[in-house]
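**Student:** When you get a sec, could you give me coordinates for this:
(chains A, B and C)
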Amino acid sequence: MPELPEVELARATVDQHALNRKIADVDDHDEWECRPHHPGDLRTALVGRRLTAARRRGKSMWCETSGTGRSRTPGPLLGLHLGMSGRIIVTDRRGKPSEGGDRLGRFATAVEQIERKPVWVRFTLVFEDGGKLMLFDKRRLGRVRLDPDLDALGPDAEEVGVAEFRERLSRGTAPVKARLLDQSVIAGVGNLLADETLWRARISPQRRVDTLDRDDLTTLHKALHRATKAAIRHGGVHTGEVIGFRRAGAHCPRCGAEMTRATVGGRTTWWCPQEQR
DNA sequence: ACTCGTGTTAGCTG
DNA sequence: TCAGCTAACACGAG
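**Tutor:** Next up is the predicted model:
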């Protein structure tokens, strides 16, 4: 589920509903999700503080925290990574989930899921008012950590300018899709957003970056920007124009040619062999 | 039973 | 040393 658009929606939910509520308790028992911390570490670091801001770069999000008591010194950053299947759920004092930027009805499912699979709640902040911020993560590839290292991330895919994009993406000889997926080059592009972007730009995922000219890179930058914006607006990367056609026997929604599948950059990749060159 | 997967990363290779 | 690639991670879904 989570690529940049989903993480941005999660960040917006935290920003709108979880800030400035005092943290009364923390459930950080999941040693895998909270590694390398140990149970109680996050609790000790966070109880008594408030989240003061929700930030994001690529697929990584983090919250700034306040000082405790009289201390004005800010607390640690709380890093939240959704991994492959994580989602953030914030509830109010009555246990009702916040709507966030999400569609109607989605949170009803979230509540049902939590009730049906409480073990998939890997991390919880309990606020003084009784509400919670939960990381619900089926596959357990998400991560919670204090003061996460963000230095390895490239510029955010939604914000990077065309000149820097061209310069960073064109370095090396890898297939363009592998380069798009490399979070140290550009942060935020996942498997589906990469396929959507390349389809919009009419560029083959297998094209080596050293064969792309200036115009190709400009086109790609514009496609990435538009695909990302559209995904955020429509509620997730799965709403992309070509995503529903990433399956055997499907045909390109623009030209009708049969879609092709291969592994590129280590991930299952679908593209239109007619238009994407 | 067996394969696949919307993410990240340690470890290997040339 | 580095760019690039693979396997492994956890665990449910088909």
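**Student:** For the residue lying farthest from the centre of chain A, which three-state class applies?
**Tutor:** Distance from the centre of chain A peaks at residue A:70, with 35.1 Å (Cα atoms, centre = their mean). At residue A:70, secondary structure determined by DSSP: H, G, I helix; E, B strand; the rest coil is coil.
**Student:** show me the contacts for the residue in the stretch 101-250 of chain A that DNA strand B sits nearest to.
**Tutor:** Closest contact between the stretch 101-250 of chain A and DNA strand B, by Cβ to the nearest atom of the strand, is at residue A:190 (1.9 Å). Placement of C-beta: from N, CA and C, glycine included. Taking Cβ atoms under 8 Å, 6 or more residues apart in numbering, we find residue A:190 in contact with A:2, A:3, A:4, A:59, A:181, A:237.
**Student:** for residue A:147, same thing?
**Tutor:** A:76, A:77, A:79.
**Student:** Narrow the residues you listed to those in strands?
**Tutor:** Among these, the ones falling in strands (DSSP state E) are residue A:79.
**Student:** Specify which member of the contacts of residue A:147 is nearest to residue A:166.
**Tutor:** Lowest distance from residue A:166 to the contacts of residue A:147 (Cβ to Cβ) belongs to residue A:79, with 30.1 Å.
**Student:** name the helices or strands packed onto the top helix by length along chain A?
**Tutor:** For chain A, the helix reaching the highest residue count under DSSP state H is reported as helix A:214-234. The contact analysis (3 or more Cβ pairs under 8 Å, 6 or more residues apart in numbering; DSSP states H and E) places helix A:214-234 against helix A:4-17, helix A:162-169, helix A:191-201.
**Student:** one step back: check what pLDDT the residue farthest from the centre of chain A gets.
**Tutor:** Looking at residue A:70, its pLDDT reads 75.
**Student:** so how far is residue A:25 from it?
**Tutor:** Separation of residue A:70 from residue A:25 (Cβ to Cβ, to the nearest Å): 21 Å.
**Student:** One more: residue A:178?
**Tutor:** From residue A:178 to residue A:25 the distance is 43 Å (Cβ to Cβ).
**Student:** So between the two, which is more surrounded?
**Tutor:** Under the criterion of other Cβ atoms under 10 Å, the comparison of residue A:178 against residue A:25 puts residue A:178 first, with 20 against 13.
**Student:** Now the more buried one: which helix or strand?
**Tutor:** Using DSSP states H and E, residue A:178 sits within helix A:176-181.
**Student:** Name the residues of the stretch 1-150 of chain A found near DNA strand C, please.
**Tutor:** Residues of the stretch 1-150 of chain A lying near DNA strand C by Cβ under 7 Å from any atom of the strand: A:32, A:84, A:138, A:139, A:140, A:141.
**Student:** let's go with 10 Å and repeat that
**Tutor:** A:30-33, A:35, A:83-85, A:113, A:116-117, A:119-120, A:122, A:137-141 (Cβ under 10 Å from any atom of the strand).
**Student:** Just the residues you listed: which are in helices?
**Tutor:** Using DSSP H, the subset of these located in helices is A:113, A:116.
**Student:** Filter the residues of the stretch 1-150 of chain A next to DNA strand C down to just the buried residues.
**Tutor:** Among these, those buried by neighbour count (16 or more other Cβ atoms under 10 Å) are A:30, A:33, A:83, A:113, A:120, A:122, A:137, A:138, A:140.
**Student:** returning to what we had before: give me the buried positions along the very next helix or strand once past the longest helix of chain A.
**Tutor:** Going down the chain from helix A:214-234, the next helix or strand is strand A:260-264, by DSSP H and E. For strand A:260-264, the neighbour count (16+ other Cβ under 10 Å) marks A:260, A:264 as buried.
**Student:** Perfect, I'm done here.
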